[in-house]
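A.B. asks: Sharing a model that was predicted from the sequence below.
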Amino acid sequence: MKKSNIILFLVAVFQLAFSQTTKKMEILKAITIEIPAEFNLMTDDEIAQKYPSYRKPLAVYSNAKKTVDIGVNYSINKWNNKNLSILKDMYKSTISSVFTSVDFIQEGNIKKINNRDFIVFEFVSMLSEENSLQKGASIQTYSYIAYTLYEKKIIIINFNAPALEKNNFASVFEKVLNTVTISDKLKLQEFSPYETTRPTLPKSENDAQLKILRQMKKSKAKNPQ
């Protein structure tokens, strides 16, 4: 068998395996996403310990080892400006400021997924020891994040894995993102609290969500329409 045919065969096998080992999840009866079968919904306690923040995301799914996550969330504040270029620049600036260093693979590419425009960032980031909750070593993470507008809110689909597992999950994350659909029946609450006691963040901890909100307020002040 020729080398090119072998490669095509392996790609076909992987695609078939992916289609046979996924499950469709429904969030708020309006957002659907197909995730690998081994991923399961994280509990409030698990989310709060791993992603301490001021509010609960819509859903976070994790693999069996709890090392790779797929999350769905949305912004609290309204975003009135429909210019995706402004939103893209805002998030690129925010991502760059949150981490100690960022190596971008995709810098806000706009992709049409199921009739909806998504801004896609893909990067490997490092968080130094003094700015992380895990002491003793710097943290390197591979992230694949997509943003889309829905009724003046920003819906966020994020994928996270250890940087060493990038090659194992890059294509998986892309395939999962391509399954995301958002219906017109989606209703987003203004606030969704945790049903658990969350840990207190140290003063040195960088809170990405708070930085995003501050950046959004600045951008809206400069570009009200």
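C.D. replies: All right, it came through fine. Numbering: from 1, shown residues only.

A.B. asks: contacts, neighbours, all on C-alpha from now
C.D. replies: Fine.

A.B. asks: give me phi/psi at the spatially most central residue of the chain?
C.D. replies: Geometric centre of the chain, nearest residue: residue 158, 1.0 Å, by CA atoms, centre = their mean. Here is the backbone geometry of residue 158 (degrees, to the nearest 10): phi -130, psi 140.

A.B. asks: so residue 38 touches residue 66, yeah?
C.D. replies: No. Applying CA atoms under 8 Å as the test, residue 38 and residue 66 come out as separate, 10.6 Å apart.

A.B. asks: Any idea how many residues pack against residue 65?
C.D. replies: 8 (other CA atoms under 10 Å).

A.B. asks: Distance of it relative to residue 29?
C.D. replies: As for residue 65, its distance to residue 29 is 28 Å (criterion: CA to CA, to the nearest Å).

A.B. asks: Now do stretch 60-75: distance from first to last residue.
C.D. replies: 15 Å.

A.B. asks: got the buried residues for that stretch?
C.D. replies: 60-63, 68-75 (16 or more other CA atoms under 10 Å).

A.B. asks: ditto for stretch 41-51
C.D. replies: Applying 16+ other CA under 10 Å to stretch 41-51 flags 41-42, 44-48 as buried.

A.B. asks: okay, these in JSON lines with pLDDT, distance to residue 146 and secondary structure next?
C.D. replies: As requested, those are exported to JSON lines (pLDDT from 0 to 100; distance: CA to CA, whole Å; DSSP: H, G, I helix; E, B strand; the rest coil):
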{"residue": "41", "pLDDT": "96", "distance to residue 146": "20", "secondary structure": "strand"}
{"residue": "42", "pLDDT": "95", "distance to residue 146": "20", "secondary structure": "coil"}
{"residue": "44", "pLDDT": "88", "distance to residue 146": "23", "secondary structure": "helix"}
{"residue": "45", "pLDDT": "89", "distance to residue 146": "25", "secondary structure": "helix"}
{"residue": "46", "pLDDT": "90", "distance to residue 146": "23", "secondary structure": "helix"}
{"residue": "47", "pLDDT": "88", "distance to residue 146": "20", "secondary structure": "helix"}
{"residue": "48", "pLDDT": "85", "distance to residue 146": "22", "secondary structure": "helix"}
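
A.B. asks: Which two among those residues are spaced furthest apart?
C.D. replies: 41 and 48 (13.2 Å; CA to CA).

A.B. asks: how close does the residue nearest to residue 33 when sequence neighbours are not counted get to residue 70?
C.D. replies: Of all residues not flanking residue 33 in the chain, residue 180 sits nearest, at 4.6 Å (CA to CA, 6 or more residues apart in numbering). Using CA to CA, residue 180 is found at 12 Å from residue 70.

A.B. asks: likewise residue 184?
C.D. replies: Applying CA to CA to residue 184 and residue 70 gives a distance of 23 Å.

A.B. asks: cool, residue 182 as well?
C.D. replies: Residue 182 is 16 Å from residue 70, by CA to CA.
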